[in-house]
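Chemist: sequence unknown, structure follows:
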């Protein structure tokens, strides 16, 4: 009996991820996105932080993207309350919601 392989990502999500990869490359090449946005950090940007999540259209919604270095991207995930104070993370209750508060 041959078992069907379960896709790790749906076909629809795969298309969205390809679009995201393209947009991400273009966005990070812009001069204003080259450095980490964390206060007093001057490291080069390596990551796109999704300040509202990555669900649905939020994956490619550049309004909610923040350029961060890897160190500060990890910091945001580990310190959500402080990240909200620095406007690096959306307010509580707004995660995965494309509507501004």
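Modeler: Alright, I've got the coordinates. The shown structure was predicted, so the numbers you read here are calculated from the model rather than taken from an experiment.

Chemist: What values do phi and psi take at residue 90?
Modeler: When read as degrees, to the nearest 10, the backbone of residue 90 gives phi -70, psi 160.

Chemist: I'd assumed residue 52 was in contact with it.
Modeler: Yes. Between residue 90 and residue 52 there is a contact at 4.6 Å, judged by Cβ atoms under 8 Å. Bear in mind the C-beta positions are built from the backbone N, C-alpha and C, glycine included.

Chemist: Between the two, which contacts overlap?
Modeler: By Cβ atoms under 8 Å, 6 or more residues apart in numbering, residue 90 and residue 52 have these common neighbours: 64, 97.

Chemist: show me where this protein has strands.
Modeler: 47-50, 65-68 (DSSP state E).

Chemist: pLDDT of the last one, averaged?
Modeler: When the per-residue pLDDT values of strand 65-68 are averaged, the result is 97.

Chemist: Just the pLDDT for the residue nearest the centre of the chain.
Modeler: Residue closest to the average C-alpha location in the chain (Cα atoms, centre = their mean): residue 50, at 2.5 Å. Listed pLDDT for residue 50 reads 97.
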